[in-house]
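>>> predicted model and sequence below, questions to follow.
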Amino acid sequence: MNKVYFDNAATTAMDDRVIDAMLPYMKSYFGNPSSVHSHGREVRSAIEKSRKKVAELLNASPSEIFFTSGGTEADNTALVCGIDSHNITHAITSPIEHHAVLHTLEVLAKKGSVKLSILDVNEKGEIDLNQLEELLKANPKSLVSLMQANNEIGNLNDLTRIGGLAKEYQAFFHSDTVQTVGHFVHDLKTLPVDAIVAGGHKFHGPKGSGFLFVRKDKKIHPFIHGGAQERNMRGGTENVIGIIGIAKALELAYEDMAGHRSHIEQIKSRFIEKLTAEIPGVEFNGLSGDLSQSLYTVLNVSLPPSDPNRGMLLFNLDLEGISASGGSACSSGATVGSHVLRALNHNPERDSVRLSFSRFNTLEEVDYTVAKLKELYAVEV
């Protein structure tokens, strides 16, 4: 079998139609969008059409959408500028957030900008919403940052319930939605969030593209200074091809989201069924083995202890042409263990692999991957 790619939570293959949409802005439409001449105006028009398309798909106002270099910059902007703009002195998050959130808030706490409270999670990675409410009662007007879906274990948080608590206690609610934009419908007129983010390469768009939504009644000041671009919210010449690409990718995601989801759920269900049947002792980290409570694109597999293979799982899979992740791949090449699995008190004797899926995966790839895992981890019964 050709190489198998099951690391779509790290990045996805670009859709050919996205590339086609971007090409004219590499070849023909090269003007600086801040220039007043015709070359600049035609590119400015394309950026604003892209902004309007993103806003339309998310049921937001174009004035609430700001293009960025990706989810990490968007998260940093929402957190740093949200805290500063609204004079926030207390922030609440969880120990299993993406490092774009967790490290940013830890730096702000170390500088004394905020006091930081970390919610408890249980062995399945579920946050304690009663604890969240108690913290909000004691610290109204806090910042709350809780992701919609965990990038490693796939757990889904109830943004409506969290947002309701945030609103009750006048908190600024930011959610890292990098793993869900393009995979779930977001109606930002009704969803009680103040800021969400996206990275285009998570839904078949280009790397280096992203956007930040900030609700218009919760405006924040810029994070990057130096120009009036992005409606005075982000200095620097716009990444035109990235903006064209992310808008096209989101449009394609919404065109047949239900169909994509149905196909990917078949992939995930097949993995759960075959792994459970063929590898005794296999488990699933977090809630990833529960289709109703987790991302349909992510399955985090905990394999039975195996001394000969321990620590060599990803290497052995790579030798068989299978690309997967041991956790978050956003710091690619790092050898440190997963902070998410540590927070769940995961058994260090068991190797874990995150398998993540896209509409381009096939059931045959599932069968091949399970067969290779079985060779490595099947135990005598």
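On my side now, so go ahead.

>>> all contacts plus neighbour counts: C-alpha atoms, from now on.
OK.

>>> tell me where the stretch 251-381 of the chain has strands.
283-284, 298-302, 322-323, 352-356 (DSSP state E, counting those that start in this stretch).

>>> quick one: contacts of the third one?
Looking back up the chat, that one is strand 322-323. The contact list for strand 322-323, computed with Cα atoms under 8 Å, 6 or more residues apart in numbering, reads 3-7, 314, 317, 369.

>>> again, 6 Å this time
Strand 322-323 is contacted from outside by 3-6, using Cα atoms under 6 Å, 6 or more residues apart in numbering.

>>> export those residues to a markdown table and tack on secondary structure and pLDDT?
Listed next are those as a markdown table, based on DSSP: H, G, I helix; E, B strand; the rest coil; pLDDT from 0 to 100:
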| residue | secondary structure | pLDDT |
| --- | --- | --- |
| 3 | coil | 95 |
| 4 | strand | 98 |
| 5 | strand | 98 |
| 6 | coil | 98 |
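
>>> now the buried members of the residues you listed.
Buried residues within those, counting neighbours by 16 or more other Cα atoms under 10 Å: 4-6.

>>> in CSV, list these along with distance to residue 244.
CSV is the format used below for the buried ones among the contacts of strand 322-323 (distance: Cα to Cα, whole Å):
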residue, distance to residue 244
4, 29
5, 26
6, 26
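
>>> show me the one of the strands of the stretch 251-381 of the chain that comes nearest residue 15.
Residue 15 lies closest to strand 352-356 among the strands of the stretch 251-381 of the chain, at 17.2 Å (Cα to Cα).

>>> how far does the closest one sit from its chain's centre?
Mean-position distance between strand 352-356 and its chain equals 15 Å (Cα atoms, centre = their mean, to the nearest Å).

>>> next one: stretch 255-266
18 Å.

>>> try stretch 155-175
Chain-centre distance of stretch 155-175: 17 Å, with Cα atoms, centre = their mean.

>>> could we number from 3 for the rest of this?
Done: numbering now begins at 3, and the last item shifts to stretch 157-177.

>>> list the buried residues for that stretch?
Residues of stretch 157-177 classed as buried under the neighbour-count rule (16+ other Cα under 10 Å) are 157-159, 161, 164-169, 171, 173-177.

>>> which of those sit farthest apart?
157 and 171 (24.9 Å).

>>> so how far is residue 56 from residue 182?
Here residue 182 is placed at a distance of 15 Å from residue 56 (Cα to Cα, to the nearest Å).

>>> let me fix that, I meant to ask about residue 247.
Residue 247 sits 11 Å away from residue 56 when distances are taken as Cα to Cα.

>>> the stretch 53-202 of the chain: helices as residue ranges?
With DSSP state H, counting those that start in this stretch as the criterion, the stretch 53-202 of the chain has helices at 73-78, 84-87, 101-113, 131-140, 161-170.

>>> most tightly surrounded among those helices?
Highest mean neighbour count of the helices of the stretch 53-202 of the chain: helix 73-78, a mean of 24 (counted as mean count of other Cα atoms under 10 Å).

>>> how is the protein divided into domains?
Annotated domains of the chain cover 6-14+258-379, 18-257 [automatic domain parsing].

>>> weakest of those in terms of mean pLDDT?
Among the domains of the chain, domain 6-14+258-379 carries the lowest mean pLDDT, at a mean of 90.

>>> chain center to it, what's the gap?
Mean-position distance between domain 6-14+258-379 and its chain equals 17 Å (Cα atoms, centre = their mean).

>>> can you get me the start-to-end distance on that domain?
19 Å.

>>> equivalent analysis for stretch 90-108, please.
Stretch 90-108 end-to-end distance (Cα to Cα) = 15 Å.

>>> what's the answer for stretch 141-153, then?
28 Å.

>>> ok, stretch 79-96 next?
19 Å.

>>> sorry, back to before: turn the strands of the stretch 253-383 of the chain into TSV, including distance to residue 130 and mean neighbour count.
Formatted as TSV, the strands of the stretch 253-383 of the chain follow (distance: least, Cα to Cα, whole Å; neighbours: other Cα atoms under 10 Å):
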stretch	distance to residue 130	mean neighbour count
strand 285-286	21	20
strand 300-304	22	25
strand 324-325	34	20
strand 354-358	24	26
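
>>> out of the ones you listed, which gets nearest to residue 40?
Closest approach to residue 40 among these is made by strand 354-358 (44.1 Å; Cα to Cα).

>>> just the CA coordinates of the closest one, formatted as CSV?
Extracted in CSV, the C-alpha atoms of strand 354-358 (Å, rounded to 0.1, in the frame of the first residue of the first chain):
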residue,chain,number,x,y,z
SER,A,354,-0.4,6.0,22.7
VAL,A,355,-1.1,7.0,19.2
ARG,A,356,-3.3,9.8,17.9
LEU,A,357,-5.0,8.8,14.6
SER,A,358,-6.8,11.7,12.9
